[in-house]
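Peer 1: only geometry, no sequence info:
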Ligand SMILES: Nc1ncnc2c1ncn2[C@@H]1O[C@H](COP(=O)(O)OP(=O)(O)O)[C@@H](O)[C@H]1O
Ligand SMILES: [Mg+2]
């Protein structure tokens, strides 16, 4: 098992771990809480997120799903009054240690949001944006990164003839796949997705779900969704959050067919939420 993610403070580009081993956890939460001012939005959750699998976080609106997801790349640092307690670690390193370099962390942990948010730039420049920030300058090398990222995001065939067109001219579903290409262009280990398909039509949603199925070979994916069918379709593991508590965490098939907790059962059978 090697889920070592290297030293977060070293900024050099590392390729993804292609070892066939998919076991072992990469993210560990231990009594981890997130507060806005004094109020806990996530309360003392403890669970291990396995490497190179898809973990879904489900639960009713306001239960802390996005807050937990943003804690993984420290996006919550930007929110006034937001503090944490307990442990959240990545590859064995405490993410909230003062030694962690947040820029390196965000390179390791890419994020895709609910609403596609491409930059008002060309398709090429959107994907090249991260690699350029991290020092890539050579046009040939950049072209290769752009092509490879678009291929992995299942968008290349649709855009290869118009890479210099503005990304805002793409459809919503294409824009979201472009955002995924932009996220993977810097070779992250982990992809965080916060309701990545909820603004898309059913056909685009199913393309994103197929893509998640492809990407899980190479990345650890943590996806927030309020769509339980989607969680059941795309994830290996499911965490059910309710009012900031982690009620149940387990294999998706178990959670959806044989939940241990009454509240999980009530939620997945649509009794509330
Ligand atoms: N920026 C913020 N400032 C203060 N409270 C927030 C902020 N973001 C979320 N919250 C609160 O934290 C709780 C969890 O929110 P969130 O993580 O967005 O839930 P979910 O993604 O499950 O809908 C909610 O009570 C919400 O009102
Ligand atoms: Mg949310």
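Peer 2: Ah, there it is. On a predicted model such as this, the values are computed, not experimentally measured, just so you know. Ligands and ions are numbered 1, 2, ... in the order given.

Peer 1: So which residues on this protein come close to ligand 1?
Peer 2: 36, 41, 59, 61, 62, 63, 64, 65, 66, 67, 79 (C-beta under 6 Å from any ligand atom). Heads up, the C-betas are built off the backbone N, CA and C, glycines and all.

Peer 1: what do you get if the cut-off is 5 Å, keeping everything else the same?
Peer 2: Within the chain, the residues that sit near ligand 1 (C-beta under 5 Å from any ligand atom) are 36, 41, 61, 62, 63, 64, 65, 66, 67, 79.

Peer 1: need the contact list for the fourth one.
Peer 2: Remark: with contacts taken as C-beta atoms under 8 Å, 6 or more residues apart in numbering, residue 62 is in contact with residue 243.

Peer 1: distance of it from residue 228?
Peer 2: 17 Å (C-beta to C-beta, to the nearest Å).

Peer 1: thinking again about what came up before, just the buried subset of the residues of the chain next to ligand 1, written out for PyMOL, thanks.
Peer 2: To isolate the buried ones among those in PyMOL, judged by 16 or more other C-beta atoms under 10 Å, type:
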select buried, resi 41+63+64+65+66+67
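
Peer 1: JSON lines for the residues of the chain next to ligand 1, including secondary structure and pLDDT?
Peer 2: Putting these into JSON lines (DSSP: H, G, I helix; E, B strand; the rest coil; pLDDT from 0 to 100) gives the following:
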{"residue": "36", "secondary structure": "strand", "pLDDT": "98"}
{"residue": "41", "secondary structure": "strand", "pLDDT": "98"}
{"residue": "61", "secondary structure": "coil", "pLDDT": "95"}
{"residue": "62", "secondary structure": "coil", "pLDDT": "96"}
{"residue": "63", "secondary structure": "coil", "pLDDT": "97"}
{"residue": "64", "secondary structure": "coil", "pLDDT": "98"}
{"residue": "65", "secondary structure": "helix", "pLDDT": "98"}
{"residue": "66", "secondary structure": "helix", "pLDDT": "97"}
{"residue": "67", "secondary structure": "helix", "pLDDT": "98"}
{"residue": "79", "secondary structure": "coil", "pLDDT": "95"}
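
Peer 1: Out of the residues of the chain next to ligand 1, flag the one nearest to residue 251.
Peer 2: Ranked by distance to residue 251 (C-beta to C-beta), the residues of the chain next to ligand 1 are led by residue 65 at 19.0 Å.

Peer 1: Secondary structure element holding residue 230?
Peer 2: Taking DSSP states H and E as the criterion, the element that holds residue 230 is helix 228-234.

Peer 1: what's the answer for residue 57, then?
Peer 2: Assigned by DSSP H and E, residue 57 belongs to strand 54-58.

Peer 1: how far out from the middle of the chain is the helix or strand where residue 206 lies?
Peer 2: Assigned by DSSP H and E, residue 206 belongs to helix 202-215. How far helix 202-215 lies from its chain's middle: 14 Å, per C-alpha atoms, centre = their mean, to the nearest Å.

Peer 1: show me where the chain has strands.
Peer 2: 25-36, 39-50, 54-58, 82-90, 93-94, 109-112, 190-194, 220-224, 237-242, 245-251 (DSSP state E).

Peer 1: okay if I get the ones you listed as a markdown table plus distance to residue 102?
Peer 2: Formatted as a markdown table, these follow (distance: least, C-beta to C-beta, whole Å):
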| stretch | distance to residue 102 |
| --- | --- |
| strand 25-36 | 16 |
| strand 39-50 | 19 |
| strand 54-58 | 22 |
| strand 82-90 | 12 |
| strand 93-94 | 13 |
| strand 109-112 | 10 |
| strand 190-194 | 14 |
| strand 220-224 | 18 |
| strand 237-242 | 24 |
| strand 245-251 | 25 |
